[in-house]
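Student: Sequence plus predicted model, see below.
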Amino acid sequence: MVLGIAMMAAMLPTMIGLNEATQGARDQDENRRNTNRKQRCHLVATCSLDQGTPELRSQVHNAQVQVGLDRNVSVIVQRSQLVMHSLLTNHFWLDRLQLYITKQPSSTMVPFNGGFFTHPNFKPNNTSGLVTITGEETPTLRWVFLDSKTHEMRWGGRPDTEGHTCGPFDWTKDEQYVTLEGWEGFLAVRLEQDDTREHVDQQLGIVDGREVWRLYFDQNDDGADLPPNAKGLEIRLKRVMADS
């Protein structure tokens, strides 16, 4: 018994040293994680080979997430008049603030440029919110949130987020992909009206943003209740560090 106590006494400093080293490594890793979470990044969509047709996959895979204005076609009235050698089409757009996925962004879009951020809806010192710099006349840091009615991923100021899902946003275990509410339920969605818009733009000779998809989140794992004739691809959102 005396020998055992003596051996334990001799080993105690070593055990304390090991515990301190382990705790130090944990603290260092936690600091690294916190630093990485706050670094600004772009988001790039990736999709597997079992999603959609090769043509649709090529439009989405490795395309950047863009921040821009949604221009939904609300009225289209064809008139058989030629103006500037093109068919004149009266069409009206309803602006909304939304996130897109495309390799051919319009002039009003800017790449997602943001990261995790402390959100007042969650516990103190959290990084459960997601923010991005916008392409407004004065670039501004805005919240990213899930529209609770349409399942679209949108952006805006604090008042715009009321009644919608603001997180928790997180990353996967390998720290490479974004999650929302604990899983990767993101979808690239192409609505029927998006095809209509591009058709109208072609008739008017407008080439400003092509093959644009919308970013959705399948919150209830039921297909996000997409409108009829919509096309949807399951995607992952990969974090790519921003250069500046």
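Tutor: Looks like it came in fine.

Student: low-scoring stretches of the chain, by residue?
Tutor: 1-29, 70-96, 244 (pLDDT under 70).

Student: the helices in it, which residues?
Tutor: With DSSP state H, the ranges of helices along the chain come out as 2-38, 54-60, 158-161, 192-203.

Student: Domain ranges for this structure, per the record?
Tutor: 1-38, 42-241 (automatic domain parsing).

Student: any chance of the ones you listed in a markdown table, plus mean neighbour count?
Tutor: For glycine as for every other residue, the C-beta is placed from the backbone atoms N, C-alpha and C. Output for those, formatted as a markdown table (neighbours: other CB atoms under 10 Å):
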| stretch | mean neighbour count |
| --- | --- |
| domain 1-38 | 10 |
| domain 42-241 | 17 |
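
Student: Strands of the chain, residue ranges please.
Tutor: For the chain, the strands defined by DSSP state E occupy 41-46, 64-83, 86-102, 110-111, 114-117, 129-133, 141-146, 153-156, 169-171, 178-180, 186-190, 213-217, 231-234, 236-241.

Student: Make a markdown table from those strands and add distance to Asn31 to it.
Tutor: As requested, the strands of the chain are arranged in a markdown table below (distance: least, CB to CB, whole Å):
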| stretch | distance to Asn31 |
| --- | --- |
| strand 41-46 | 18 |
| strand 64-83 | 28 |
| strand 86-102 | 30 |
| strand 110-111 | 28 |
| strand 114-117 | 15 |
| strand 129-133 | 20 |
| strand 141-146 | 23 |
| strand 153-156 | 29 |
| strand 169-171 | 16 |
| strand 178-180 | 21 |
| strand 186-190 | 29 |
| strand 213-217 | 30 |
| strand 231-234 | 34 |
| strand 236-241 | 18 |
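
Student: who wins for proximity to Leu204 among those?
Tutor: Ranking those by proximity to Leu204 (CB to CB) places strand 86-102 first, at 5.4 Å.

Student: where does the spatially closest residue to Asp194 that is not a sequence neighbour fall, phi/psi-wise?
Tutor: Leaving aside its chain neighbours, Asp194 sits nearest to Val212 (6.5 Å; criterion: CB to CB, 6 or more residues apart in numbering). Backbone torsions of Val212, given as degrees, to the nearest 10, read phi -90, psi 130.
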